[in-house]
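Visitor: sharing a sequence plus its predicted fold:
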Amino acid sequence: MMRETVLSLSVRRIFAGSIAVAGMGLMAQAAVAQEAAAEPKMQRVEVTGSSIKRLVSETSTPLSVFKADEFIKQGLTTAAEVLDRIPSNTSGMGAGNAVGGNYSGLPTGGQASADLRGLGGDKTLVLLNGRRLANHPYDGKSVDLNIIPITALERVEVLRDGASAIYGTDAIGGVINFITKRSVNATTITAEAIMPRGDGADEKRVNLSTGFGNLATDGYNLFGVVDYHKQDVMTSQQREFSKTGVIPSHGLFLTSGTTFPGNYGYGNVRGNPGAASGCLPPFSVPSDDGKTCRQDYTRLIDNLPEQEQSTFFGKGSFKLGEDHNGAIEFLHAENKVMSRTAPPPQTGLVLTSASKYYPGNSGGVPAQAGVVGQDLSVSWRPTEAGQRRINSKGTADRLVGSLDGLIGGWDYKAGLSHSISKSSEDFTGGYVQDSGFAAGVLNGTLNPFGLQDAAGKAYLDSVALRGQVQSAKATSTGLDATFSRELMDLPGGKLGLAVGGELRREKSDFYVNRTIASQAASSGLSGSLSTNGSRNIEAVFAEVRLPVQKNLELSFATRFDNYSDAGNTTNPKMSLRWEPAKEVVVRGSASTGFRAPSLFEKNAPPSKNDTSNEYSDPFLCPDGVPANLPGSKPLLDCNLQQFKLQGGNKDLKPEKSKTFSAGIVIEPVPQVTLAVDYWNIQLKDKIAPLPETLIYGNPVKYKDLFLRNPDGSAFAISNFINNLGEVKTDGVDLSLTLRAPRSDFGSFTFTLDGTYVHKYAYQVERNGEFDENVGRNVNDNVVFRWKHNAALNWKLGVWSATLAQNYKSAYTDQNAVDPEFKQDVSSYSLWNLSGSYTGIKGLTLTAGVKNLLDKDPPFSNQGTLFQKGYDPRYTDAVGRAIYLRGSYTF
């Protein structure tokens, strides 16, 4: 677990001349003191949240610190899983979002992102060793956590208040700084495995790290880390709670009207030759009126896709004289995801009476009442084409050259970095060419109501669609420099000053293979178009620390940013630390923020894609009942994914924010540390499209957004990115650390770190009413009232153990169609148990159980994601799993 810790040389000296640094974790404060005792000379370091170097014991930044040893013990194998243990982080879904992620027109490529305070991943700044990475190229708004070299990490630091004045305009929610090892001068081989109690989702990892040289004595250190990690697929059928989208006891009937056998229609008449015999359960089931069939597509998807990751991180550090150091670091990461969804739904097909498969003709399809030769519109899912398969591949490369040292009494650091993020997606199975497929139905070769004969199978193979459908590339090149020093004496100590600047060039290219995409409406990408954009950013910043009295310190910072495509902004920050007694520290800060629209948000061209959920057109099929109006197409208008027209907006204004925080740290005795921090964030001009659930939920108000073809049929809803209203959120972070005196039974430490959200009110449009999101699934998003992580840690000699809990409070579920089934999702708690042994020189053995109580996810009626019966964003679908790890160093 992370710790709300106090970075100091002695727990009792925290309040004599220092400030608590808020964090969470498994390591006791006593351990910090013991480490410091071995090295009495205090070092000047720079911590996340400030550009001024200072003694560790003087740090005043509220910071969550998660050491690599801590998440290794818990069997946390990805950066996304690590960040899920941070209560202030609200995102929790990794590769699982690749399952059906394209079908809303917003491809994910299996991306995992961080989201501090629930403000969005675009307002959380992710750093590696204090410098930026290129954002994921599909949306350009956030870093893909899959590229983080987790096995090379020493720790993760999370600054939980706004930091735009120090790090940049997109740090409104906070900063997450992944910090790698500074040096390695040994060789370590590690292997680990996670084995679930059920089928699927097995994980394996092997890595090697090696290095040589001592920077202090040899003048250099070179090291590298190579890591390979694989997680097997877990299908919806491998867990009981996710097998179906049809759960009558909960009023759940999340199915598709494009099914096998196919549905037909003419005028306002709908039917299916297989409906009378009950369709083909369990994959297709009768509709409510019994006239047509519905596809239970949940039975043919993955809960977790197959994922394979490989990473190399290397670093060389060099002594360049007495007061100067140089370093070069290189990162290469690959993330491959193979996701599967149900066979391709094909709509708008035309079946004429000339086909032998026309009802009542020679093909064996029984005659249907009222079907007497008129052309039929058919919606059909060809299961013999197989599940749709998409292979997503993401790669990231970053090269950094840096210098740091002392010149003319100033500490300095400077760096030049170049970062590239790429992603691509290939159709590898299941997809068919729309026009060729439709021609096969029209000419009578394909049978939409039954299995294919030899000619039909051959034709189905001939229209298979394979190849790369889209790719993207984002690059970020940056030059930065910072100078800091202590100046004049003040009553409380030395005045500290830091100044710096940054130049950055961002470029993004998004390419759609229209030859393939335009022929695959079922991919959700048929309307996507290529786009590109670039911009330059210049920034200067300054920070000053004023120790006004021995027990009172003020800090001021300001940053000026100039965006070539979004204008300029100045954002100040003020913070204070007051120590009224050696057992108490009071702290507070206030700042402003500014996030420029991403290149994708400004430049994405209009594209027509599928909605995330299924809807009935409120005018052509009100309440699910077809209306006899011009342009009506019952098979397409009722209870089906509709179309939305999306795109960027060059007229977007930046988002702006105001942040305030105040906290207190109390240590009445050395064994107890309590930290409480109140935070308040106000954001205006939030950049997002209107939630589609809102548009369909209030069609009268948003009637103009329903676009029609000339014949009156549905074209799409207009759902472009825009500046919406405000977000107002506040809450409290709490951290408690209890340390028992060392005894013959060992040492015990208990930590509890939680976040309580008091309010999360937002407007979906400018000057609109505020909706409350806390404890509710509103517009496909949940804000938990309370989240915490707790850990009980024990150590005795070469043995250690940890019992950890991750908890999320209950919330009101997504509204069910029938009010009778409106429900709350119960609270959710996971327990992990692990133990380690280090009694053999160089060897560390760890064994544990993840999800100790084998807790299934609570039921959720959410219909936004392809996974059904639970919400994969906030729960663990794997279940109890054994975790084994062995590491040998020589």
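Guide: The structure has been received and is ready for your questions.
Visitor: partner residues bridging residue 723?
Guide: Counting by DSSP bridges, residue 723 forms beta bridges with residue 687.
Visitor: isn't it up against residue 764?
Guide: No - applying Cβ atoms under 8 Å, one finds residue 723 not in contact with residue 764, separated by 11.6 Å. In this view, the C-beta of every residue, glycine as well, is placed from N, C-alpha and C.
Visitor: confidence score at the residue nearest to residue 550 when sequence neighbours are not counted?
Guide: Leaving aside its chain neighbours, residue 550 sits nearest to residue 492 (4.9 Å; criterion: Cβ to Cβ, 6 or more residues apart in numbering). If you check residue 492, the pLDDT there is 92.
Visitor: list the contacts for residue 492?
Guide: 546-553 (Cβ atoms under 8 Å, 6 or more residues apart in numbering).
Visitor: all strands for the stretch 351-500 of the chain, in order.
Guide: Assigned by DSSP state E, counting those that start in this stretch, the strands in the stretch 351-500 of the chain fall at 376-380, 388-407, 410-429, 467-490, 493-512.
Visitor: and of those, who's closest to residue 312?
Guide: Residue 312 lies closest, by Cβ to Cβ, to one member of the strands of the stretch 351-500 of the chain: strand 388-407, at 9.9 Å.
Visitor: and the residue nearest to residue 374 when sequence neighbours are not counted, what does it touch?
Guide: In this structure, residue 374 finds its nearest non-sequential neighbour in residue 266, 5.1 Å apart by Cβ to Cβ, 6+ apart. When contacts are counted by Cβ under 8 Å, 6+ apart, residue 266 touches 371, 374-377.
Visitor: ok, now residue 381?
Guide: Here residue 381 is in contact with 256, 258-260, 262, 295, 297, 342-346 (Cβ under 8 Å, 6+ apart).
Visitor: cutoff 10 Å now
Guide: When contacts are counted by Cβ atoms under 10 Å, 6 or more residues apart in numbering, residue 381 touches 256-263, 283-284, 293, 295, 297, 300, 342-347, 448, 522.
Visitor: ok, residue 488 next?
Guide: 494-495, 497 are the contacts of residue 488 under Cβ under 10 Å, 6+ apart.
Visitor: what subset of those is buried?
Guide: 495, 497 (16 or more other Cβ atoms under 10 Å).
Visitor: ok, the contacts of residue 488 vs residue 537, which is closest?
Guide: Nearest to residue 537 among those, with distances taken as Cβ to Cβ, is residue 497, at 23.9 Å.
Visitor: the closest one contacts residue 484, correct?
Guide: Yes - contact criterion Cβ atoms under 10 Å: residue 497 and residue 484 qualify, at 6.5 Å.
Visitor: report how many residues lie close to residue 831.
Guide: 18 (other Cβ atoms under 10 Å).
Visitor: other SSEs contacting the helix or strand where it lies?
Guide: Assigned by DSSP states H and E, residue 831 belongs to strand 828-840. Applying 3 or more Cβ pairs under 10 Å, 6 or more residues apart in numbering; DSSP states H and E, we find strand 828-840 packed against helix 68-73, strand 786-796, strand 799-808, strand 843-850, strand 881-889.
Visitor: ok, which of the ones you listed comes nearest residue 428?
Guide: The nearest among those, by Cβ to Cβ, is strand 881-889 at 28.5 Å.
Visitor: rounded mean pLDDT for that closest one, please.
Guide: For strand 881-889, the per-residue pLDDT averages 96.
Visitor: ok, now stretch 454-469?
Guide: 96.
Visitor: now swap in stretch 614-626 and tell me
Guide: 90.
Visitor: in that stretch, what's buried?
Guide: 614-621, 626.
Visitor: just the helices in the stretch 551-700 of the chain please.
Guide: 599-603, 634-637, 692-697 (DSSP state H, counting those that start in this stretch).
Visitor: reformat the ones you listed as TSV; add mean pLDDT, mean neighbour count and distance to residue 111.
Guide: Output for the helices of the stretch 551-700 of the chain, formatted as TSV (pLDDT from 0 to 100; neighbours: other Cβ atoms under 10 Å; distance: least, Cβ to Cβ, whole Å):
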stretch	mean pLDDT	mean neighbour count	distance to residue 111
helix 599-603	89	23	13
helix 634-637	87	24	31
helix 692-697	89	18	21
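Visitor: so where is the chain shaky, pLDDT-wise?
Guide: Scanning the chain for pLDDT under 70 picks out the ranges 1-61, 92-94, 101-109, 816-817.
Visitor: strands along the stretch 601-750 of the chain, start to end?
Guide: So, for the stretch 601-750 of the chain - with DSSP E, counting those that start in this stretch - the strands run 607-615, 640-646, 655-669, 672-684, 687-688, 706-708, 714-718, 722-723, 727-739, 747-762.
Visitor: any idea how far residue 148 is from the residue positioned nearest the centre of the chain?
Guide: Nearest residue to the geometric centre of the chain (Cα atoms, centre = their mean): residue 113, 2.9 Å. Using Cβ to Cβ, to the nearest Å, we find residue 113 at a distance of 11 Å from residue 148.
Visitor: mind listing the shared neighbours of the two?
Guide: By Cβ under 10 Å, 6+ apart, the residues touching both residue 113 and residue 148 are 80, 83, 126.
Visitor: the last one: how many residues sit nearby?
Guide: A count of neighbours around residue 126, defined by other Cβ under 10 Å, yields 25.
Visitor: correct me if wrong: residue 157 contacts residue 64.
Guide: Yes - using Cβ under 10 Å, residue 157 makes contact with residue 64 at a distance of 7.1 Å.
Visitor: tell me which of those two has more neighbours.
Guide: Just comparing residue 157 and residue 64: by other Cβ under 10 Å the higher neighbour count belongs to residue 64, 29 against 22.
Visitor: mind telling me what element the more buried one is part of?
Guide: Judged by DSSP H and E, residue 64 forms part of strand 63-67.
Visitor: what helices and strands are in contact with that strand?
Guide: Counting contacts by 3+ Cβ pairs under 10 Å, 6+ apart, strand 63-67 packs against strand 2-3, strand 24-25, strand 153-159, strand 174-180.
Visitor: fine, thanks again, bye for now.
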